[in-house]
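build me a model from this:
(one chain, ligands or ions: 1)
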Amino acid sequence: MQRTISVASPTNHEATAIATEPLSETLVLPARSTLFHVIDPRVFERPLLDELCDLATRVRMLAKSDEGARALRDVLPTRRAMLYFTQPSTRTFLSFNNACHILGMRTSEIRDPSTSSEVKGESFEDSIRTFSSYVDVIVMRTKESGRAAQAARLMNGIPRPVPVINAGSGSDQHPTQALLDIYTLARSFDGQGSIDGKVIGMMGDLKRGRTVRSLCYLMKNYTGVRLVFIAPEQYAMQADVKAYLDQHGIRYSETTNLDGVLPTLDAIYVTRMQTEWDTAGESSAVDLGRFSIGERELARLKRDAIIMHPLPRGAEIGPVVDQDPRAMYWRQERNGMWMRVAVLIKIFGAEGRIPATV
Ligand code: NCD
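Below you'll find the predicted structure:
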């Protein structure tokens, strides 16, 4: 029997997430949760994804009643989280903050690096180690790629390591967004036999968008999925992700012609131009009208397809689309909070403290 265990331990400097080990080996390990750092989506396997989705649904249902919401507040009341967000964030910050509060956790935050001792010359490592002295988990978003992984490696080498959650690292990865995207896809396709076998379009700035990069990685867990990348040529999906898809036998195609593929899609994941990475406003040269959803596109999309977007949106999805029952992005945003509750529960091994019913 296989079970997913954490390999992130103070003696393991390289491992930053999870791996699958025979259950017998886990018996000799000290009791530890099955998820520790959340850094790289590639380590997530289907059983863990399914478990996180189930957990998210359980807490979502419980929270509907006052009694359930109070029971959830008793799940992690002695735990504290540090939210270290030095890159702009609305949804990810608020959903993590509220996910912590739903579980009774307390939170501290740094959002402006000018208020941190880093301006006095303190190293990144010393700052992270300091945060870890006061809290039980660090959630971090940075402009630079690889920072969360660096923090996790640092934790693995100190006597009191705390888990690190990557809440967005540069234009590289955004693993918890990918988890909530999977939850949204799984919920939406519940009546249509799950994510397996679906045709999923990803549109927009695929080159610099971290959400689509992370979501591609998770697709290895679903059989028969076909991805369709719809992007301006200069913002096409990068070679490293395509190599990963090839390696895992995940089919994909690329096009600049939305019209041609629209009727074939079961889901379309729309993204904005990531203008913050422009050097001289170059993405304004893109004819966004060719990579947008409006009334005309709605008319050509399958009746039971869904439209997703990690948000914030630009002109690529007009407000008129919000009224369409296939628009899933507001639900997706809220799913993010429940998925982050599930991730925290899993990290602290608190699944057993979630009441079955109230
Ligand atoms: C995304 C991000 O920050 O990468 N937003 C989010 O976390 N919901 C997407 C984006 O900014 O385009």
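
residues contacting Glu233?
Glu233 is in contact with Thr256, counting by C-beta atoms under 8 Å, 6 or more residues apart in numbering. All C-beta spots, glycine's among them, are computed from the backbone N, C-alpha and C.

which residues touch stretch 124-141?
79-87, 89, 92-93, 96, 108, 116-118, 122, 147-148, 150-151, 154-155, 158, 160-169, 344, 347-348.

once you drop chain neighbours, what's closest to Asp322?
Nearest non-adjacent residue to Asp322, counting by C-beta to C-beta, 6 or more residues apart in numbering: Trp330, 7.3 Å away.

ok so, going back, for ChimeraX, what selects the buried ones among the contacts of stretch 124-141?
Buried residues among these (16 or more other C-beta atoms under 10 Å), as a ChimeraX selection:
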select :79,81,82,83,84,85,86,87,89,92,93,96,116,147,148,150,151,154,155,161,162,163,164,165,166,167,168,169,344,347,348
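
of the contacts of stretch 124-141, which belong to helices?
Residues of the contacts of stretch 124-141 located in helices (DSSP state H): 92-93, 96, 147-148, 150-151, 154-155, 344, 347.

so which of those also contact the ligand?
Near the ligand, judged by C-beta under 6 Å from any ligand atom, the entries from these are Thr92.

with pLDDT added, can I get the ones in helices among the contacts of stretch 124-141 in a markdown table?
Formatted as a markdown table, these follow (pLDDT from 0 to 100):
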| residue | pLDDT |
| --- | --- |
| Thr92 | 97 |
| Phe93 | 98 |
| Phe96 | 98 |
| Arg147 | 96 |
| Ala148 | 97 |
| Gln150 | 97 |
| Ala151 | 97 |
| Leu154 | 97 |
| Met155 | 97 |
| Leu344 | 98 |
| Ile347 | 97 |
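
closest one of the ones in helices among the contacts of stretch 124-141 to the ligand?
Of all these, Thr92 has the smallest distance to the ligand: 4.3 Å, by C-beta to the nearest ligand atom.

not counting its neighbours along the chain, what's nearest the closest one?
Ala167 (5.0 Å).

run through this structure and note the low-pLDDT ranges.
1-33 (pLDDT under 70).

is it true that Gln274 touches Ser171?
Yes - contact between Gln274 and Ser171 holds when scored by C-beta atoms under 8 Å: they sit 6.5 Å apart.

and stretch 312-329, end to end?
10 Å (C-alpha to C-alpha, to the nearest Å).

what's the answer for stretch 210-230, then?
Separation of the first and last residues of stretch 210-230 by C-alpha to C-alpha is 16 Å.

can you check stretch 195-213 too?
18 Å.

what comes up buried for that stretch?
195, 198-213.

that stretch and the ligand in contact?
Yes - using C-beta under 6 Å from any ligand atom, stretch 195-213 reaches the ligand at 210-211.

so which residues on the stretch 151-300 of the chain come close to the ligand?
Near the ligand, when you scan the stretch 151-300 of the chain using C-beta under 6 Å from any ligand atom, you find 168, 174, 177, 210-211, 271-272.

please redo it, this time with the cut-off set to 8 Å
167-168, 174, 177, 209-211, 271-272, 274 (C-beta under 8 Å from any ligand atom).

from these, which single one is nearest Val225?
Set against Val225, the nearest of these by C-beta to C-beta is Thr211 (16.8 Å).

and the closest one, what does it touch?
Residues near Thr211 by C-beta under 8 Å, 6+ apart: 174, 177-178, 181, 269, 271, 310.

among the residues of the stretch 151-300 of the chain next to the ligand, which are in strands?
167-168 (DSSP state E).

where do the helices of the stretch 151-300 of the chain begin and end?
Secondary structure of the stretch 151-300 of the chain (DSSP state H, counting those that start in this stretch): helices at 175-188, 210-218, 239-247, 258-261, 295-300.

still on that earlier bit, mind putting the ones in helices among the contacts of stretch 124-141 in TSV, distance to Met61 included?
Converted to TSV, the ones in helices among the contacts of stretch 124-141 look like this (distance: C-beta to C-beta, whole Å):
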residue	distance to Met61
Thr92	23
Phe93	25
Phe96	21
Arg147	35
Ala148	31
Gln150	38
Ala151	34
Leu154	38
Met155	33
Leu344	17
Ile347	21
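
out of the ones in helices among the contacts of stretch 124-141, which comes closest to Gly68?
Closest approach to Gly68 among those (C-beta to C-beta): Leu344, at 16.8 Å.

ok, the closest one to Asn97 distance?
Distance of Leu344 to Asn97, computed by C-beta to C-beta, to the nearest Å: 12 Å.

and the closest residue to Gln192 other than its chain neighbours, what helix or strand is that in?
Excluding its sequence neighbours, the residue lying closest to Gln192 (C-beta to C-beta, 6+ apart) is Asp304, at 6.9 Å. Element membership for Asp304, per DSSP states H and E: none, as it lies in no helix or strand.

neighbours of Asp304, how many?
Asp304 has 12 neighbours, counted by other C-beta atoms under 10 Å.

which ones are touching it?
192, 266, 326.

most neighbours out of those residues, which is it?
Asp266 (21 neighbours).

which residues are in contact with the nearest residue to that one once chain neighbours are set aside?
Residue nearest to Asp266 in three dimensions, not counting chain neighbours: Lys198, with 4.2 Å by C-beta to C-beta, 6+ apart. Listed by C-beta under 8 Å, 6+ apart, the contact set of Lys198 reads 185, 189, 222, 224-226, 266-267.

all the strands of the stretch 251-358 of the chain, in order from the start?
Taking DSSP state E, counting those that start in this stretch as the test, the strands found in the stretch 251-358 of the chain are 251-255, 267-270, 306-308.
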